[in-house]
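Visitor: structure of the sequence below:
(2 chains)
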Amino acid sequence: MADPALVEELRNGVRKICSRFPGSYWRDLDARRAYPEEFVDELTKAGYLAALIPEEYGGAGLGVTEASVILEEINRSGGNAGACHAQMYTMGVILRHGSEEQKRRYLPEIAAGRLRLQAFGVTEPTTGSDTTQLKTTAVRKGDRYIVNGQKVFISRTEHSDLMVLLVRTTPLSEVKKRTEGLSVLLVDLREAVGKGLTIRPIRTMMNHSTTELFFEDLEVPAENLIGEEGKGFRYILDGMNAERILIAAECIGDGRWFIDKAVRYAKERVVFGRPIGQNQGVQFPIARAHVQVEAADLMRFRAAELYDAGLPCGAEANMAKLLAADASWEAANVALQTHGGFGFAEEFDVERKFRETRLYQVAPISTNLILSYVAEHVLGLPRSY
Amino acid sequence: MNILVCLKQTFDTEERIVVENGKVKEDGVKFVINPYDEYAVEEAIRLKEQFGGEVTVVSVGPSRAEEALRTALAMGADEAILADDPALFGDEYTVAKVLAAIARQKNYDIIIAGNQAVDDGSGQVAVRLAEELGIPHISTLTKLVVEGNQVTGHRDAEGDEEIVTATLPVLVTAQQGLNDPRYPSLIGIRKASKKPLAHVTLADLGLSEEDIRPRTEIVDTFLPKPKEAGRILQGELQDQVKELVQALIQVEKVVG
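Guide: Take a look at the predicted model:
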C-alpha cells in the first residue's frame, strides 16, 4: 500500500514542475510537432522518470501506484506524459529479464537520464495486435544478429538512445507454438541510424513523435540480446500490465483536466442572463463524466495495488485501461461541447487535449482487444480472434 | 557550516481569503512554504553544497506545517524542528523568543529566513531573532557571498542596492531574486521521509509562558471593503479644486 503522504508529496512535486510549462508551451510544440525537450529535461533532472528503477540501480524504487500518480499529474496539468512515459517503464524488460551485467550497465544511466530508453519496437505494417505474426527477423551470425524488416508507429525513436526491439529469431514454420521463436534485442539507436536503420517520422493528428523504421542488414551485437533467445514474446507480455495501469492514470489525469476546464467555463460563461452551468443540459453531462472518471480511478488504484503486491492483475489492469480511456474521452467530448465555439479555438487547449486523449482508445492497446481479453480470460467465452 | 533556516507555512498565493467569525478560514486551503522562505532554504542548501555542514529547518506553527518542513527536507535540508505546541504560539515577539531558544541549542554559523511572510507581512520575526541572539543581521538580500568568516550581503534597499559586510555568526533574510529555488527531486522526496523531524514543546525549550507572552493582541480581522465607484468632478478647474478640498475635509475627513 502506497504511503498517502508520499503520494501527496509526489503530486505537489510534479505539479510544481508542470506549473512552469503552461498551455502556451504545449500549444507551441503542438503547432511545430516538436518534442517537449525542456519539460522532459526538468522532469528527468528531478528524478521522476526513475520512479520504477530500484534504489540499488540509482532509481527511487517506487511502485506502479506512485509512478502512475506522477504521469496522472502531468496530464492533469494540461501537459502530455506521452512524450516521456516510456522512459519510466521500457526499462522493465531489462530489469526483469536482463543479465546482471546489462542491468548494471544500463539501469543507472537510464535512472540518471543520461541514457534514454523510451522506444519499443513491436508493431509492424501488417502485424498489429497479432504480434506473433511479426515479420522482422534477426539472424545470428557469429557475435552479431543481422536484422531485416520494418516497424511502424514506433514512438520517440528520434528522442531515444536505445530501443527495445521484438524480432523473430526462429521462423514460424520451425516452432511448435507461434509464441515461441521471438526475441528481444536492445538496439543502440545512436549507432544504428544510417548503418542499416532508417527512421522516418509520421505526422499524426497530435504531437506524438511517432515514426516508421526500416531495417536493412542492421548489425546488433549478440550481447544485446535480453534474456534467452526465443522467449521474447513472454518478456514483452509481462510488461503490459504495468503499462496498462500507467496509461489508465494518464487518462484519469486528462479526464480531471477536462472536467476542471468544463466546470470553470460553465460557471463563467453567461448566456441568456445566467451561467450556462446552471442549465441541466450543460451540467449533467459534466457531472456524468466526473462520475465515470472517479469510477475508473478506483479500478486503476485497485490494479496498481495488486501489481505492487506482486499479485495477478491482468483483468484489473486491462479493465482500468478501458474504463479510464472511455472516461477521458467522454470528459473530452463534454469539455468541447461545454466550450461551444471556443472549444475549437487553439488558445483554450481543449481541442489539443481532445486530439491527444483520443489516442488512448487505440494505443497502446485497442479497446476492442481489451474486450476480447475480458470475454475470453475473465468470462470464459470462446476466443473471438 | 551549520545553517538554520526559519520557515513558515503560508497560504498558497493563489488562494482566495475568506474571513469567518473574525478569523481567516483555512478549510480546503492549499498551503505552501512561504515563498521568501523558499529562497532561504535554497540559499542554505547552496551554502551546504559549497562548504559542507548541515541545514536545519525550523518552523513555529500547527502540525500541518510538517508538510512544508518535509518539502524543505526533500529539497536537501538535513533535519527539521517543528514547534507545534500551541503554548508556543503568539505574536512576532513570541515566535522570535521561541526561535531563539531553538537556535541556542546548537551553534549555527548562519541563520537564514525569508524577508517577510506573505500572509501577515510583518517582516519582524527574523530581525527580532537576531536581536535576541545578539548577532548581526542583513535583511532583504538579493546576493550573499561567504568567504571564510566574512559575509557580504547585497541588499535591496527600496530599489537601491546596499552592500553590507558582517562576520559569522550572522542572520540574513532573503528577498525575491536571491536565487531560483530547486524542485524537490523524487529521490529527495523519498529520503525526506527518513530524515529526522523533531517536535518541541514549551517544556523542551525550558521556557515559561510568561517568557513568551505575546505583547500584541489581534482585535479584529476583516477584508478590505470592495472599492466603490469614484466621482468625477465637473465644471471649471477652479471650482473643481474647491470642491475637492471641501470633500477631503468634510466627506473623506483626510485633511483636518
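
Visitor: for A:Arg27, the count of nearby residues, please.
Guide: If you count neighbours by other C-beta atoms under 10 Å in any protein chain shown, A:Arg27 ends up with 18. Yep, even glycine has a C-beta here, placed from its N, CA and C like the rest.

Visitor: that one and A:Val350 touch, don't they?
Guide: No: using C-beta atoms under 8 Å, A:Arg27 is not in contact with A:Val350, being 11.3 Å away.

Visitor: so where do the helices sit in the stretch 1-150 of chain B?
Guide: B:35-51, B:65-75, B:92-103, B:125-133 (DSSP state H, counting those that start in this stretch).

Visitor: who's in contact with the residue nearest to A:Arg352 when sequence neighbours are not counted?
Guide: In space, and not counting its chain neighbours, A:Arg352 is closest to A:Asp30: 5.3 Å by C-beta to C-beta, 6 or more residues apart in numbering or on different chains. Residues in contact with A:Asp30 (C-beta atoms under 8 Å, 6 or more residues apart in numbering or on different chains) are A:Met206, A:Asn207, A:Arg352.

Visitor: in helices only, show me these.
Guide: Judged by DSSP state H, helices contain the following of the contacts of A:Asp30: A:Arg352.

Visitor: among the contacts of A:Asp30, who's most crowded?
Guide: A:Asn207 leads those on contacts (other C-beta under 10 Å) with 23 neighbours.

Visitor: remind me which helix or strand the residue nearest to that residue when sequence neighbours are not counted belongs to.
Guide: Leaving aside its sequence neighbours, A:Asn207 sits nearest to A:Asp30 (C-beta to C-beta, 6+ apart; 4.7 Å). Per DSSP states H and E: A:Asp30 is located in helix A:23-32.

Visitor: any buried residues in stretch A:193-211, and which?
Guide: A:Val193, A:Gly196, A:Leu197, A:Ile199, A:Met206, A:Asn207, A:His208, A:Ser209, A:Thr210, A:Thr211 (16 or more other C-beta atoms under 10 Å in any protein chain shown).

Visitor: quick one: distance of the helix holding A:Asp30 to the chain centre.
Guide: Put simply, helix A:23-32 sits 20 Å off its chain's centre (C-alpha atoms, centre = their mean, to the nearest Å).

Visitor: what's the answer for stretch A:378-385, then?
Guide: Using C-alpha atoms, centre = their mean, the mean C-alpha position of stretch A:378-385 is found 26 Å from that of the whole chain.

Visitor: tell me how the chain divides into domains.
Guide: Went with chain A since none was named. As assigned by automatic domain parsing, chain A contains the domains A:4-112, A:118-232, A:237-378.

Visitor: my bad, chain B
Guide: According to automatic domain parsing, the domains of chain B span B:2-199, B:225-256.

Visitor: in the stretch 101-250 of chain A, which residue sits nearest chain B?
Guide: A:Ala111 (9.2 Å; C-beta to the nearest C-beta).

Visitor: measure that residue to A:Leu95 for me?
Guide: Using C-beta to C-beta, to the nearest Å, we find A:Ala111 at a distance of 11 Å from A:Leu95.

Visitor: pLDDT weak spots in the chain?
Guide: You didn't say which chain, so I picked chain A. A:1 (pLDDT under 70).

Visitor: that's the wrong chain, I wanted chain B
Guide: Across chain B, the ranges flagged by pLDDT under 70 are B:256.

Visitor: sketch out the strands for it, chain order is fine.
Guide: Per DSSP state E, chain B carries strands over the ranges B:2-6, B:9-11, B:19-20, B:23-24, B:31-33, B:54-60, B:79-83, B:110-114, B:137-147, B:150-157, B:160-167, B:170-174, B:197-199.

Visitor: closest one to B:Leu69 among those?
Guide: strand B:79-83 (4.0 Å; C-beta to C-beta).
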